[in-house]
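Q: I need the structure of the sequence given here:
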Amino acid sequence: MTKTAKVMRVSFDLDEVLFVSPETHKTEPALPFPLRNLFQERLRLGTPELIWDLQAQGCEVWVYTSSFRSERYIKALFRLYGVKFNGIINGYRHQKEVQSHSSTILPQKMPNRYRISLHIDDEDVICSSAGQYGFRAYQLNAQDDDWAAKILKRVEEVRQIEGI
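A: Coordinates of the predicted model:
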């Protein structure tokens, strides 16, 4: 019998995590005209490299956002930075696949429903309820030059805990 290897999934929220304001955070250069008019969000500096690093380490990298941006829009924007996600969960998908099956109101995000090992978010309510709802979260919000290194360290810690 062949046993399939467990893959570590890491998910990122978009707003205030990967999409940040250049007034409060260091960002990737703006896209060239006219693309910057279609895709006005700015990526936190180091986002493409972090995602590439995680994928090179064998992680699946997902987006898990409560926003209602379309999957197509998210894919197109990140493709311009050379990033391809392994999965995308937006507000529509969460409502359909998670919330619609429950009679109780669940948090805006339930990463464990998608076998996500670690979710990176800025919201206190998501991160503080992680243990209660059975998932691991890392809180990221302020400008931090070492944000990517800290996430890579937390990924390694979760790998050890989960034996991945």
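
Q: The chain: strands as residue ranges?
A: 9-12, 60-64, 87-89, 118-121, 137-139 (DSSP state E).

Q: Quick one: those strands as JSON lines, columns for distance to S103 and mean neighbour count too.
A: In short, each C-beta sits where N, CA and C put it, glycine included. Converted to JSON lines, the strands of the chain look like this (distance: least, C-beta to C-beta, whole Å; neighbours: other C-beta atoms under 10 Å):
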{"stretch": "strand 9-12", "distance to S103": "25", "mean neighbour count": "25"}
{"stretch": "strand 60-64", "distance to S103": "23", "mean neighbour count": "22"}
{"stretch": "strand 87-89", "distance to S103": "21", "mean neighbour count": "19"}
{"stretch": "strand 118-121", "distance to S103": "24", "mean neighbour count": "26"}
{"stretch": "strand 137-139", "distance to S103": "25", "mean neighbour count": "20"}
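
Q: now these in TSV, with mean pLDDT and distance to E156?
A: Below are the strands of the chain laid out as TSV (pLDDT from 0 to 100; distance: least, C-beta to C-beta, whole Å):
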stretch	mean pLDDT	distance to E156
strand 9-12	98	11
strand 60-64	98	15
strand 87-89	98	21
strand 118-121	98	10
strand 137-139	97	12
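
Q: can you redo the ones you listed as CSV with distance to Q160?
A: Listed next are these as CSV, based on distance: least, C-beta to C-beta, whole Å:
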stretch, distance to Q160
strand 9-12, 15
strand 60-64, 18
strand 87-89, 24
strand 118-121, 12
strand 137-139, 15
